[in-house]
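Engineer: Any chance you could fold what I've pasted below:
(2 chains)
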Amino acid sequence: GENVEQHPSTLSVQEGDSAVIKCTYSDSASNYFPWYKQELGKRPQLIIDIRSNVGEKKDQRIAVTLNKTAKHFSLHITETQPEDSAVYFCAASLPTGNQFYFGTGTSLTVIP
Amino acid sequence: GAGVSQSPSNKVTEKGKDVELRCDPISGHTALYWYRQRLGQGLEFLIYFQGNSAPDKSGLPSDRFSAERTGESVSTLTIQRTQQEDSAVYLCASSFSGGSYEQYFGPGTRLTVT
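Structural biologist: Numbers count the residues shown, from 1 in each chain, chains lettered A, B, ... in the order given. Okay, the predicted model is just below:
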């Protein structure tokens, strides 16, 4: 099956700086890569996703890049704000599979 | 409905008792997932339902765990003879179909086994 690794496990940045979270996956057939944000005590919510036919996707301050050759994808948050503080999970899914394979999460703290 | 709902929101039970958790997916979503999230941990896949196909039970940790789903509607997760290590938040998610579609999560049920 698929194996997703996520780094770092914790990340602290100053407000206004950029944050980068990286994930690697093992199965080259994976074709969908969502990122979820989970605030303390809340449910995970999708913030951005990318499919394997695209190398980069951007939505305001958030961007995701995908390198299929290297089998890794990254989340980039620019101009971070305190409300960006949360746990972020990456995931990968196969086109024929049932499961989303989640990374272990990154706890991001934005220091005002 | 507006989103995925789960009940109860909190459940405290004594060790050895059975518990039943409920999930109402978004109408029209054929795929339904159950996850377990221990405090400060990631999402642990438990089981997946897709339409009328046989469920993928590969993530269930023991035979004390079981789940059912009626067609494409409500699902229940049952934990028999609960143990303290079962304490966690149990999250349900639904999606339009399996695989490459966004999962919408419910608010979760916080289970505490005393």
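Engineer: Look at the nearest residue to residue A:30 once chain neighbours are set aside and report its pLDDT.
Structural biologist: The shortest distance from residue A:30 to any non-neighbouring residue, by C-beta to C-beta, 6 or more residues apart in numbering or on different chains, is to residue A:92 (4.2 Å). C-beta here means a position set from N, CA and C on the backbone, and glycine is covered the same way. pLDDT, residue A:92: 92.
Engineer: can you check residue A:18 too?
Structural biologist: Residue-level pLDDT assigned to residue A:18 equals 98.
Engineer: my guess is it contacts residue A:77, does it?
Structural biologist: Yes. The pair residue A:18 and residue A:77 passes the contact test of C-beta atoms under 8 Å, sitting 6.6 Å apart.
Engineer: So between the two, which is more surrounded?
Structural biologist: residue A:77 (24 against 11; other C-beta atoms under 10 Å in any protein chain shown).
Engineer: can you pull up the bridge partners for that one?
Structural biologist: residue A:19, residue A:62 (DSSP bridges).
Engineer: Surely it and residue A:64 touch.
Structural biologist: No. Taking contacts as C-beta under 8 Å, residue A:77 lies outside contact range of residue A:64: 10.3 Å.
Engineer: Look up how far chain A lies from the residue nearest to residue B:18 when sequence neighbours are not counted.
Structural biologist: Counting by C-beta to C-beta, 6+ apart, the nearest residue to residue B:18 once its immediate chain neighbours are dropped is residue B:80, at 4.9 Å. According to C-beta to the nearest C-beta, to the nearest Å, residue B:80 and chain A sit 24 Å apart.
Engineer: Counting neighbours, what do you get for residue B:80?
Structural biologist: By the criterion of other C-beta under 10 Å, residue B:80 has 14 neighbours.
Engineer: my guess is it meets residue B:67, correct?
Structural biologist: No. Residue B:80 is not in contact with residue B:67 according to C-beta under 8 Å; the separation is 12.0 Å.
Engineer: Paired strands for the helix or strand bottoming out on mean pLDDT in chain A, with orientation please.
Structural biologist: None of the helices or strands of chain A scores lower by mean pLDDT, DSSP states H and E than strand A:100-102, at a mean of 87. Sheet pairing for strand A:100-102, assigned by DSSP bridges, gives strand A:86-93 (antiparallel).
Engineer: Name the surrounding residues that touch the strand it pairs with.
Structural biologist: Residues outside strand A:86-93 that contact it (C-beta atoms under 8 Å, 6 or more residues apart in numbering or on different chains) are A:2, A:4, A:6, A:21, A:23, A:25, A:27, A:30-40, A:44, A:47, A:73, A:75, A:99-103, A:105-108, B:42-43, B:99-100.
Engineer: Strands along chain B, start to end?
Structural biologist: Here chain B has its strands, by DSSP state E, at B:5-7, B:10-13, B:19-24, B:31-37, B:44-50, B:65-69, B:75-79, B:88-95, B:104-105, B:109-113.
Engineer: who does the longest one touch, helix- and strand-wise?
Structural biologist: When you say that, I think you mean strand B:88-95. Applying 3 or more C-beta pairs under 8 Å, 6 or more residues apart in numbering or on different chains; DSSP states H and E, one finds that strand B:88-95 contacts strand B:5-7, strand B:19-24, strand B:31-37, strand B:75-79, strand B:104-105, strand B:109-113.
Engineer: Now do it and strand B:65-69, the angle between them.
Structural biologist: Orientation check (axes from the mean of the first three to the mean of the last three C-alpha atoms, to 10 degrees): strand B:88-95 against strand B:65-69 gives 30 degrees.
Engineer: Just checking: what are the partner strands of strand B:88-95?
Structural biologist: Strands that pair with strand B:88-95, judged by DSSP bridges, come out as strand B:31-37 (antiparallel), strand B:104-105 (antiparallel), strand B:109-113 (antiparallel).
Engineer: Cool, thanks, talk later.
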